[in-house]
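[1] Kindly generate the corresponding structure for this input.
(one chain, ligands or ions: 1)
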Amino acid sequence: MYDKLWLRYEGGYIETIEKIVRRVVLSCRQRSDVLNTAVTELETVFPAEVIIGENAGEEHAPTGEGFSIRNRNGVFTISSQTGGGVLYGVFAFLRLLHIGKINEGFVGLDDSPKISRRMLNHWDNLDGSIERGYAGGSLWKWDRLPKVDRRYIDYARLAASVGINGTVLNNVNADAAFLSHTYLEKTAILADMFRAYNIQVFLSANFAAPVNSGGLPTADPLHNAVRAWWRDKAAEIYALIPDFGGFLVKADSEGQPGPYLYGRTHVDGANMLADFLAPYGGIVIWRAFVYGHGESDRAKKAYADFKPLDGQFRDNAAVQVKNGPIDFQPREPVHPLFGAMEKTGLFLELQITQEYLGQGKHIVFLGPMWKEILNFGIRDPHGEMQASQLSDPVGKVLEEKKLAGIAGVSNTGDNDDWCGSLFHSANLFSFGRLSWDWTLSCTDIAREWAVLTWGRDLSVVDAVVNILTHSWDACVDYMTPLGLHHIMRYENHDGPDPGCEQGERADWKPPYYHCADAKGLGFDRTRKGSNAVDQYARSLADLFDNIETCPEKYLLWFHHVPWDHVLGSRRTLKDELTFRYHRGVESAKQLRTWWKQVEGRVPHDSYQSVLNKLDVQVAEAHEWEAVCVAYFMNFTK
Ligand code: GCU
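    You can find the predicted model right below:
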């Protein structure tokens, strides 16, 4: 019943809707496969009438992926100059009808995406497994292709319905075999299906593919044979997939090959690929997830490597930066590169799959975390502004770039429920909605998802919204309060292990990050410490540098704080830490209490499976509190 997730369009509303809508007209400049998809989508609920032509329907139809919806006495016209725009208009129309936002009094609306590239990144492997996937195996059944799976279309519908227009099919730790002709042919079949949903297909490219798959002795980007190999590869790909999006590349990171191996730079690597994709309109998305032994502070590495390269990348090359400087922690301050790459295309990489936030087990709605990043005032145009006047949030920086996007590391898998549980699909939904319009309110998004998924029973909707909107705060409290980070178990990044000494590298071990000692707790990134603060605009750097003005949510990220330091609550660090861990557990219990209120109002199986998750979440929150408080308090003796 719930396998369609938020696209159930539950029957109960149809009667009310029929009172509001007499006729639906789709208006577009020309017929296309995407427009046909829009018609089909609409026909799941209404018969559609399609008008095509220069001045069809609305005279000033929005350009690009924008659309308008107009209501004249129950005749609804959805128009755009492109099929993609009409498709997004249809999904918006159906969504708004089902959540009750379109009623008899509705006049119209105009909408268009604020950020042009909205992508899912699948960390899916050739063997069907998914790196950091918690919802079963890969959706892509490579060994069965060209035979197609019904779920490919369901996937495209779900993605398009929230505005996703690009998908990277394979893991950034990329197998070079994905670039072999056999796999490109399979990829082309998926690309053909997704095209009709306005979704462009991309691949993660292994930088050493000329060696691993092409048999060359080197993958040096300045070597002629290597360049010829990539040029031919681009031609081969575009012959099969004329609208192929381009490559995502993880280079010189965690054992992945890259230009450094050959004494070249990120620019050499990215620009070579960009040049061969440019004639076809393709782009390169080059990840900035790098870290190294040399840096005293891993958080500084990406900025140190990439900032000097600003201005050297091609127009069709963008740098993809994770939301924070470390690695998808429950809470991180924003990555300083968002304020630093003035002349370079940028993608924000978010992780929908909850690698560090309880994985498939905990219900944690990530919308508020992503909003905190998108709203983060990163750019300080005058250098002299007061902290309170910080302007230009990350969302705006992306909006203004010629080449920009938001990428979400997907939490989808081949489980029936798609994302590991129904509640986990709220994160997929909200990723799409925020990548379309980063100014949307998370509570509104949570409400939309709640109604579309669970129906219109207000008491259920309220409970679901409460759970969603409070879950991230709870998780931060019971895992990593006050700016703590990376204190998870080594093996799988799940569960607390603040004392862990496993791992070859210092910067994989929790004590490297929390720096607990007899004096205090936290990583000193101030000007007296690693000076990571100076990677931010001046006013922001000053704010973080001062223990009195540093926001408490980032306190232990930027400061080594004495145990007896008094915080805003008038409690000492020692007491505040204990207080927050405990508050996290209590909040987790509160999530469960809210859910218990819906018993009997949702199907029993669904009720029980969510309750089971929340039981696990509460138990694990207790474990986090017990382990971390005992461990840290040992230092305060
Ligand atoms: C994290 C994650 C890895 C992943 C890496 C990346 O470190 O644990 O599995 O490969 O990020 O983003 O490249």
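[2] Other residues contacting the helix or strand encompassing residue 192?
    Using DSSP states H and E, residue 192 falls within helix 181-195. Applying Cβ atoms under 8 Å, 6 or more residues apart in numbering, the contact partners of helix 181-195 are 33-34, 126, 140, 142, 145-146, 148, 152-153, 156, 167, 169, 177-178, 200-201, 203, 236-237, 240-241, 243-244. No exception for glycine: its C-beta is placed from N, CA and C like everyone else's.
[3] would you put the C-alpha positions of it in PDB?
    What follows is helix 181-195, C-alpha atoms only, in PDB (Å, rounded to 0.1, in the frame of the first residue of the first chain):
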ATOM      1  CA  HIS A 181      31.000  -0.700 -23.800                       C
ATOM      2  CA  THR A 182      28.900  -3.400 -22.200                       C
ATOM      3  CA  TYR A 183      28.000  -1.300 -19.200                       C
ATOM      4  CA  LEU A 184      27.500   1.800 -21.300                       C
ATOM      5  CA  GLU A 185      24.900   0.000 -23.300                       C
ATOM      6  CA  LYS A 186      23.100  -1.000 -20.100                       C
ATOM      7  CA  THR A 187      23.400   2.600 -18.900                       C
ATOM      8  CA  ALA A 188      21.900   3.800 -22.100                       C
ATOM      9  CA  ILE A 189      18.700   1.800 -21.500                       C
ATOM     10  CA  LEU A 190      18.300   3.500 -18.100                       C
ATOM     11  CA  ALA A 191      19.000   6.800 -19.700                       C
ATOM     12  CA  ASP A 192      16.300   6.200 -22.300                       C
ATOM     13  CA  MET A 193      13.800   5.500 -19.600                       C
ATOM     14  CA  PHE A 194      14.700   8.400 -17.300                       C
ATOM     15  CA  ARG A 195      14.900  10.900 -20.200                       C
END
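[4] what are the pairing partners of the very next helix or strand once past that helix, and which direction each?
    Per DSSP H and E, helix 181-195 leads on to strand 200-204 as the next helix or strand towards the C-terminus. Paired strands of strand 200-204, with direction, are strand 166-168 (parallel), strand 246-249 (parallel) (DSSP bridges).
[5] Nearest to the ligand among the ones you listed would be which one?
    strand 246-249 (10.5 Å; Cβ to the nearest ligand atom).
[6] what bridges to the residue most central in space within the chain?
    The chain has residue 408 as the residue nearest its centroid, 2.7 Å off, counting by Cα atoms, centre = their mean. Note on residue 408: beta-bridge partners by DSSP bridges are residue 120, residue 350.
[7] So for stretch 140-158, what gets flagged as buried?
    Burial within stretch 140-158, assessed by neighbour count using 16 or more other Cβ atoms under 10 Å, is assigned to 140, 141, 142, 145, 149, 151, 152, 154, 155, 156, 157, 158.
[8] Tell me who's in contact with the fourth one.
    Under the criterion of Cβ under 8 Å, 6+ apart, the contact partners of residue 145 comprise 186, 189, 190.
[9] Would you list the buried entries among those residues?
    Buried subset of those (neighbour count, 16+ other Cβ under 10 Å): 186, 189, 190.
[10] and the stretch 51-200 of the chain, which of its residues are near the ligand?
    For the stretch 51-200 of the chain, the residues in contact with the ligand (Cβ under 6 Å from any ligand atom) are 131, 132, 172, 173.
[11] What is the burial count for residue 569?
    If you count neighbours by other Cβ atoms under 10 Å, residue 569 ends up with 11.
[12] actually residue 508, not the one I typed
    If you count neighbours by other Cβ under 10 Å, residue 508 ends up with 15.
[13] Check the chain for its longest helix and report it.
    The longest helix of the chain (DSSP state H) is helix 604-633.
[14] Which elements pack onto that one?
    Where contact means 3 or more Cβ pairs under 8 Å, 6 or more residues apart in numbering; DSSP states H and E, helix 604-633 is packed against helix 422-436, helix 458-479, helix 573-596.
[15] how about a cut-off of 6 Å?
    Under the contact criterion of 3 or more Cβ pairs under 6 Å, 6 or more residues apart in numbering; DSSP states H and E, helix 604-633 touches helix 458-479, helix 573-596.
[16] Now render the ones you listed as TSV, adding mean pLDDT and mean neighbour count.
    Putting those into TSV (pLDDT from 0 to 100; neighbours: other Cβ atoms under 10 Å) gives the following:
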stretch	mean pLDDT	mean neighbour count
helix 458-479	98	22
helix 573-596	98	19
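[17] I'd like to know which of these lies nearest to the ligand.
    That would be helix 458-479 among the helices and strands packed on helix 604-633, by Cβ to the nearest ligand atom, at 16.0 Å.
[18] quick one: buried residues of the helix or strand following the closest one?
    Remark: after helix 458-479, the chain's next helix or strand is helix 510-514, criterion DSSP H and E. The neighbour-count check on helix 510-514 (16+ other Cβ under 10 Å) flags 510, 513, 514 as buried.
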